[in-house]
Each structure stands twice: as structure tokens, then as C-alpha cells.
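J.: give me a 3D structure for the following:
(chains A and B, ligands or ions: 1)
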Amino acid sequence: MNRHIFSVLVEDSPGVLSRVTGLFSRRGFNIESLAVGTCEQPDTSRITIVVSGNDVQIEQVKKQLNKLIEVIKVLDITDLEHVERELALIKVKAEPGEVRSAIMQVAGIFRAKIIDVGTDSLMIEVTGDSSKIAAIEDLMSPYGIIEMVRTGKIALQRGAGTACSGR
Amino acid sequence: MKSGAQILIEGLKEQGVDVIFGYPGGVVLPIYDELYDADIRHILVRHEQAAIHAADGYARATGKVGVCLATSGPGACNLVTGLATAYMDSIPVVALTGQVPTGLLGNDAFQESDITGITMPVTKHNFLVQDVKDLKRIIREAFYIANTGRKGPVLIDIPKDVSTTKIPDEDGPDQQIKLRGYKPTYQGHGKQIQKAVELIEAAKRPIIYAGGGVISSEASKELVEFAERTCMPVTTTLMGLGCIPADHPLNLGMLGMHGTEYANYAITESDLLFSIGVRFDDRVTGNLATFAPNAKIIHMDIDPAEIGKNKPVDIPIVGDAKNILTDLLKRIPATCSHPEWSEKVQNWKKNHPLRFKEDGKLRPQYVIRRLAETLGDKGVIVSEVGQNQMWTAQYYPFSHPRQWITSGGLGTMGFGFPAAMGAQVAVPDQPVFVIAGDGSFQMNIQELGTIAQYQIPVKIVILNNQFLGMVRQWQELFYERRYSYTELPEVQFEHIAKAYGIEAETVRSIPDIDSAFKRALNCNGPYLLDIRVEREENVFPMVPAGAAISEMIVGQHTEHEEE
Ligand SMILES: Cc1ncc(C[n+]2csc(CCOP(=O)(O)OP(=O)(O)O)c2C)c(N)n1
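T.: Model (predicted):
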């Protein structure tokens, strides 16, 4: 089982996301993470999908994705030089006083931002790869994580190559 | 100014549509109103499932796109089985459905269903038209998608207000097909083809395994020429029957679960499996690990996702079968270099023929053989699903592509009769026979009304065993004859047919068969034959599910044995 990151360029039309996710569930491929948004090309979105499987399964994922009419390009960037990022918002219990300053210190070390302050809570915004987010989550949990959300992984190939040029 | 309904009808005519199978309802009234004076033939079925099966049968008989029309909600939902059937067999169909007005979409309005959502897994693609300005382009795209690449069903969902809204009559640039993400590969890769040539030349025990892809790419002539040039025996899937004539010396008939002994032996001993337009379905391969265990595999298919899906392949070739075979023929010299193998295969063929007991009892295999003798190579044979289907596949000597229509991948009971209706509409000058089980026939029996109304001269042959025969066979062989809910009461199909105004008769013995077929054939309209066959006849050979295909149960009903 290997983890693969696909960067998938799709038509920005209604229903395309459910076609993609439907394909995964129907064929028993497990999506670990999925992030979607518009991208540099008009009428086009980029979906970043992380999926685990053996070589045969991964090959099938790629081919089945390619069969969807609204999928323009599928690039497996796992083995290409690339950058991965994820964003998390963490709401943590933080009574004013020592605890609060300790949390703010940890956030500072992770270059995370405090984006909301409540009477006894803080919201932290952090970006990075999965391990960085896992690390800050670990450090925050003793204080009591009230709520947390992650975007799912986004990734781009390094250098001038694009999913469209395929290089 | 033109309404959406007008644009739709014009779009269909632009695509060469001459017949639609359909059923009306509230939200398609604007479309039906346009159809009233359009010069497109509309056939009113009795159930939407029959509309799509008929469109599918039309497509299988001609290679053209079949078209059906249904209303929203219940009408649209009744298309699902037919869409799945066409999808599994890669048949080009365009299904048009009505939808509630765009303003009500998502409100659980009366007769609303999210049909694009429901049918996503069983269509090649589908569209919800949200703006009448897109309609013309979407029709063009739908037909293009349905009938190119790996063919398949496409659904267009049309809200009522899209049908009624009028827009200026112009053909702007945005009406052209624009599908950035859809570029089927038609030409095989030259290097891969060359590698295939080398394997073929080196092979000592090569065999061709051909499927529905050969039929849909119209590659049967090239296939036969290639087989003859290389002296390779050919076995076909259920879907591939007819791509090489049954009486061709190289033809081994069907392989797999109910394949011939000789095809299954030859596959098992082959050292090269040349697979064309097939998908290594489990009904064909049995236990994958023992399927062609010693063979190198060349797999050509228009759908890259089929290659290597079930079985690793040595040489993949993506492209259209006809193009690739044409290319191969240019590169392959005339060689017949494996006489030992040919002899072995011919011996299997001679020593293990398909057989059934001929003891004066009326057996289904006999009925099929007599029908074939009556028809010669004329006509189209459609089957239902079950034993009737397998016996037809085994015993009917198909001589050309599109002579045989059956639901392969999904095995849809109730497909055959409406599909035969669609085929008969497509080829009005040829006799069309549907061979049915009494169970399957009752799944769309209401279409007797349709063939009576339009005098569609389909001939219905019911192999009536008063059982869900194929399921009963499994119960007999694997569940100690515990016939749990597979027995059907006797039905006088003759009376039912006559009630619809269709000529019919019941046949109970061997001497009556030939004359009954003649009467059916000579009748100008539809005709039904209720043939009372041996009730507990089995389909043999049979590979138990999951076993190696060389491990067949060959059956007790041989002509040499006494009971
Ligand atoms: C819609 C549907 N339901 C159930 C089945 C399962 N099934 C396969 S064969 C068969 C029996 C068919 O009986 P009949 O049509 O009488 O044909 P026979 O096998 O007797 O020739 C059944 C129930 C099916 N293929 N399709």
C-alpha cells in the first residue's frame, strides 16, 4: 500500500465533484484527503486527492479518473518534486493567564497565527504538511481542543511544470 | 425564436434520429407536443424500462445511437435498469428525461427525482440542462459521447421550463462540441503493435479471445482475416458471438462458465492469449489464477482502464480494434506455423462437441437448432436471460455480427423482448426472434400491447419450463435440489397473446416444431410460440463459480448415455 497524491484538473461544472467522489466510493478506493478549488485557468478547478493503494489499484484510480468526461488531466505527483500543504483551524481551551500565554508561545514556534480570541478560548490557524499539523495538534490536546478542522491536502509540483504540461 | 422542445427535435434530427421509444408525462408535454408533427417516429411503449431496452436493441442491431424519452421522477427512474444494461455492454443510447422546472429543482417537487445523481454510476455521462442556450450543444455532445470511444449510454435531463423557453434561432460558436477532457484513442501504438507481432510469431499455442469490442468497432472481417493468416483459433465471449462465423473451422465458440469444452481447454493450454475488445469478466475467466495460466497476454481495447484491470497483461494496446487489426495485418506475413497445436485443438473439437440427449423429448437445445435451420443466416436472434440465453449462445450458429442481441454484462431479465422490439423497428425487413424463458418474458410481458398496436412483427419463442430455470439449475447442482421459490405456475401465454390480438400457439412435441416456426415466419405480424420444453433440462458444460474453466461439469445428458 502506497500513498499517492493526484492533482486533477477538472471542468468547473456542477456535479463534477460528486462524479469524482462517486467513482472512488463505487470502486472501493479509499480517499484519504480531498481538496477542491478554482485554479489559474478559467472554468477549471483543481482537485487534490490523496489515496492509498497498491500499484494496480493506483493505476485503476488514474485510468478511471481519466475516463470521466469532465476530467481534463490527471497527474500523479507523488514521485515528482512537489510541495504539500494543509491548513488547520484549532480552537483550544485557553483560560486567560499562564495557559493562554503558553499556547501563544507554542503557536509562535509553529508560525501559526492566533486568529480569534474568546473569553476562555483561542483559535489557531496553522499551515504546513501533515506532520507539522499533527505535531501542533499533539501539543494542543493537553489544553483541550474544543473543535478542529483541516482542509485536506493541497499540493503542487515544484518548478515551472504544471499539471497541464505534464512535466 | 425557438423553444427548447423545438431545439431538441431539430437536434435529434440533425443526429439522424428516426425513431424514439417513449412514454409521456407532465413535464415532457412540451416535447410531446412538438413530436406530434415532427417526422420522427415515436413508439409508445407500456413501461419506460421497455423504452430503453428497445432503444438499446435498436442500437445493437444497427450500430446507431438508440433514443428513448421518459418523464421525470417515476418515468426517469424506470430507465435505470436499462441504462445499467447498456452501460455494462457499452451500447450507445441517448436517454432523454423530463425534469421539474428549474425553479423547483431540489425542492422535492411533485415527480422530481435527481436522475443525474441516480444514474451517474450507470451512464457514460449525463447532463442536466439548466439553460436552454446550452441545449443544442449538449445534444451534440451527448450523441458524440455515446457513440465514440468506448460506447455507452448518455442521459440528458431537461427541465420543463427549458423545453418551453424561447430563444433566438441562431447557431453561435458555443453550440459546438467542446470536450477538453474527452479524447478517445483510436490508433494503436506502433511499437506496441510491433511487439505483438513478435509474440505472435514466436507463439506455439496461440489463441484469440474476442469480445463485444470487435462487434462495436465493426472489426469482424479483419478479425477473421487475421485468424486465418496466423492460423489462430478464435473463441468469443457471449458478447462476441457472430464476429466469426460459427461454421468457420477456426471458431471454437464461446468460452467461460457455459463455454465449449474445446474453447476452455484451448485457453487453458495456450501460450499466447490475444485478447480483443474483452474485459476478462469473471463469467469468462472463472478462477483468474488458472485462466490461461501459461499464456503471454496481448490485450487490445479502446478503454485503457480495461487493460490490466483483472489480469496483468504483457502487451497492452489501446485503440480501436479495426484500426489495430488492420495495422497488424500489414505487418504479419502469411504464416501457419503451429500444425501440432491446430491438430490438438481440432481433436478437442471433434471429441468434445456440445451435445444433448436426443430421445424424442422436446428439449430446448433442439428447439434452437431447428429455429436456426428454419432461418438459415437470416434474421436477428435476441435472448432473454437464463438457460434460454445460454442454450441460444451455445446452439445457435451465428454467422455475422449484430445477428445476436443479449444482455451480457448485467444479465437483465426482461431485456430480450423489448430489445427485440427495438431491433425489429431498426431492421423491419428481417425476421426478429426473441428466445425467452417464461420467467424473463413475464418481466416485460406488457409490451405485447406495443407490438400489437404498431404491428411490430417480432416472433416470440418461449422456452417454457415453468421454472426460473437457471436458478433452479444452481439449486439442483449446489443446493441439494431445494427449489426455493423458483417454480412458476403454468401460464397460457397463448391466451395472453390472443387477448392482445396477437397470433399465438402452444407447442408440446417435436413433430410440431418445424411447422410452428413456418407459421410464425409466414405471419406478417407478431407471433408467439409457447413451447413446453423438458422442465429440468440443464445447461452444460458448466464451470462452477470460482473454479478453473478447465474444470467443467459436462453433464449427464449426453446422447450416448442411458438414464
Ligand atoms: C432482473 C433480474 N432478476 C433476477 C435475475 C436472476 N436470474 C438469472 S437467470 C434467472 C432465471 C430465469 O428464468 P427464465 O426467464 O424462466 O429462463 P430459464 O432460465 O428458465 O431459461 C434469474 C431469476 C436476473 N438475471 N435479472
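
J.: let me see the domain layout of the chain.
T.: You didn't say which chain, so I picked chain A. The record, using automatic domain parsing to delimit domains, assigns chain A the ranges A:2-80, A:83-154.

J.: that's the wrong chain, I wanted chain B
T.: B:2-167, B:190-352, B:364-532 (the TED database).

J.: could I get the ones you listed in JSON lines, plus columns for mean pLDDT, distance to A:D55 and mean neighbour count?
T.: C-beta here means a position set from N, CA and C on the backbone, and glycine is covered the same way. Converted to JSON lines, those look like this (pLDDT from 0 to 100; distance: least, CB to CB, whole Å; neighbours: other CB atoms under 10 Å in any protein chain shown):
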{"stretch": "domain B:2-167", "mean pLDDT": "98", "distance to A:D55": "23", "mean neighbour count": "22"}
{"stretch": "domain B:190-352", "mean pLDDT": "96", "distance to A:D55": "10", "mean neighbour count": "21"}
{"stretch": "domain B:364-532", "mean pLDDT": "98", "distance to A:D55": "26", "mean neighbour count": "21"}
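
J.: in JSON lines: the domains of chain A, plus mean pLDDT.
T.: As requested, the domains of chain A are exported to JSON lines (pLDDT from 0 to 100):
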{"stretch": "domain A:2-80", "mean pLDDT": "94"}
{"stretch": "domain A:83-154", "mean pLDDT": "96"}
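
J.: winner for burial among those?
T.: Mean neighbour count (mean count of other CB atoms under 10 Å in any protein chain shown) peaks for domain A:2-80 among the domains of chain A, with a mean of 17.

J.: related to what we said a few turns ago, possible to save the domains of chain B as CSV with distance to chain A?
T.: CSV is the format used below for the domains of chain B (distance: least, CB to the nearest CB, whole Å):
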stretch, distance to chain A
domain B:2-167, 4
domain B:190-352, 4
domain B:364-532, 15
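
J.: and the ligand, which of the ones you listed is closest to it?
T.: Among the domains of chain B, the nearest to the ligand by CB to the nearest ligand atom is domain B:364-532 (2.0 Å).

J.: for the closest one, how far is the first residue from the last?
T.: The first residue of domain B:364-532 is 9 Å away from its last residue (CA to CA, to the nearest Å).

J.: all the helices of chain A, in order from the start?
T.: In chain A, the helices defined using DSSP state H lie at A:16-26, A:55-67, A:98-109, A:130-140.

J.: so is the second one next to chain B?
T.: Yes: against chain B, helix A:55-67 shows contacts by CB under 8 Å from any CB of the partner chain at A:V56, A:E59, A:Q60, A:K63, A:Q64, A:N66, A:K67.

J.: which stretches in the stretch 151-300 of chain B count as helices?
T.: Counting by DSSP state H, counting those that start in this stretch, the stretch 151-300 of chain B has helices at residues B:160-164, B:190-202, B:212-216, B:220-230, B:261-269, B:282-285.

J.: how about those helices in CSV, adding distance to the ligand?
T.: Output for the helices of the stretch 151-300 of chain B, formatted as CSV (distance: least, CB to the nearest ligand atom, whole Å):
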stretch, distance to the ligand
helix B:160-164, 31
helix B:190-202, 36
helix B:212-216, 18
helix B:220-230, 28
helix B:261-269, 21
helix B:282-285, 12
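
J.: between these, which one is closest to B:M239.
T.: Nearest to B:M239, of all the helices of the stretch 151-300 of chain B, is helix B:212-216, at 3.2 Å by CB to CB.

J.: what does that closest one contact?
T.: Contact with helix B:212-216 is made by B:63, B:89-90, B:151, B:219-220, B:223, B:236-237, B:239-240, B:242-243, B:276-278, B:301-302, B:321, B:401-402, B:408, as judged by CB atoms under 8 Å, 6 or more residues apart in numbering or on different chains.

J.: coming back round to it: what's the closest of the residues of helix A:55-67 next to chain B to B:S270?
T.: A:V56 (23.2 Å).

J.: got the phi/psi numbers for the residue nearest to the closest one when sequence neighbours are not counted?
T.: Leaving aside its sequence neighbours, A:V56 sits nearest to B:G308 (CB to CB, 6 or more residues apart in numbering or on different chains; 7.0 Å). Dihedral pair for B:G308: phi 80, psi 0, per degrees, to the nearest 10.

J.: can I assume B:K349 is in contact with B:N251?
T.: No: counting by CB atoms under 8 Å, B:K349 sits too far from B:N251 to count as a contact (9.3 Å).

J.: just give me the longest strand of chain A.
T.: Taking DSSP state E as the criterion, chain A has its longest strand at strand A:82-93.

J.: who's in contact with the strand or helix carrying B:T326?
T.: Assigned by DSSP states H and E, B:T326 belongs to helix B:321-331. Contact with helix B:321-331 is made by B:186-188, B:190, B:193-194, B:196-197, B:213-214, B:217-219, B:222-223, B:225-226, B:229, B:276-277, B:300, B:302, B:317, as judged by CB under 8 Å, 6+ apart.

J.: what does stretch B:515-534 give?
T.: Under CB under 8 Å, 6+ apart, the answer for stretch B:515-534 is B:361-364, B:367, B:370-371, B:374-375, B:431, B:448, B:451-452, B:455-465, B:492-494, B:497, B:502-508, B:513.

J.: which ones among these are found in strands?
T.: Members of these lying in strands (criterion: DSSP E): B:K459, B:I460, B:V461, B:I462, B:L463, B:N464, B:E503, B:A504, B:E505, B:T506, B:V507.

J.: what sits against the residue in chain A that the ligand sits nearest to?
T.: Going by CB to the nearest ligand atom, the ligand is nearest to A:R26 of chain A, at 20.3 Å. Residues in contact with A:R26 (CB under 8 Å, 6+ apart) are B:P121.

J.: quick one: it from A:Q60, how far?
T.: Relative to A:Q60, A:R26 is positioned 12 Å away (CB to CB, to the nearest Å).

J.: need the nearest residue in space to B:D301, chain neighbours excluded.
T.: In this structure, B:D301 finds its nearest non-sequential neighbour in B:I307, 5.6 Å apart by CB to CB, 6+ apart.
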